[in-house]
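Trainee: this one's sequence-less:
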């Protein structure tokens, strides 16, 4: 481990708590007709669920300090008054960067189990630079992220979404979409 990056016992314990909380969400299903913009926070919002209440409180405080920054990300309606504010991966990354937690992929600091991770898939348009999914890292092998928990399209015929534990295969679509990771406050 890098000498400059020393992890306290409290941070290690927090990571273990986050990992355990995420593992408890595995198998949770979200119906296809769920309203992503107005629906309440739920298992779909893995980071908000496992990072509660600290993450939600931190986002609210940061919004009060940087309303214009959040509105640049999501428009005038982007505020804590709407559940989508907390669901937005772009808002989460903005907050985590401002707090000094976010580490872009390729950072000198290693990813660790219990950290959040963020993805941006190519399939949403040529000029899309908005991260669109997040998860919790559950396994590191040989210094690389090997497994994580995230929301995916459900495999059953009813559709919808499901919280799943997924292996991160090197050079897979999921691996190529990984843009960063961080501890949660």
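Mentor: In hand now; what should we look at? None of these values were measured; they are calculated from a predicted model.

Trainee: CA only for contacts and neighbour counts going forward, please
Mentor: Fine.

Trainee: Spatially central residue in this protein, please.
Mentor: The geometric centre of the chain, computed from its C-alpha atoms, lies nearest to residue 134 (Cα atoms, centre = their mean), at 3.0 Å.

Trainee: ok, then the element right after the helix or strand of the chain with the lowest mean pLDDT?
Mentor: The helix or strand of the chain with the poorest confidence is helix 83-87; it has a mean of 90 (mean pLDDT, DSSP states H and E). Counting by DSSP states H and E, the element after helix 83-87 in chain order, helix or strand, is helix 89-98.

Trainee: Please identify the buried residues of that following helix?
Mentor: By 16 or more other Cα atoms under 10 Å, the buried positions in helix 89-98 come out as 89-96.

Trainee: possible to save those residues as TSV with pLDDT and distance to residue 23?
Mentor: Formatted as TSV, the buried residues of helix 89-98 follow (pLDDT from 0 to 100; distance: Cα to Cα, whole Å):
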residue	pLDDT	distance to residue 23
89	90	20
90	91	24
91	94	24
92	95	21
93	94	22
94	96	26
95	97	24
96	96	22
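
Trainee: so, if you compare these, which one comes nearest to residue 114?
Mentor: residue 96 (15.4 Å; Cα to Cα).

Trainee: Next up, the contacts around the closest residue to the closest one other than its chain neighbours.
Mentor: Closest residue in space to residue 96, ignoring its immediate chain neighbours: residue 102 at 5.3 Å, by Cα to Cα, 6 or more residues apart in numbering. Contacts for residue 102 (Cα atoms under 8 Å, 6 or more residues apart in numbering) come out as 93, 96, 180-183.
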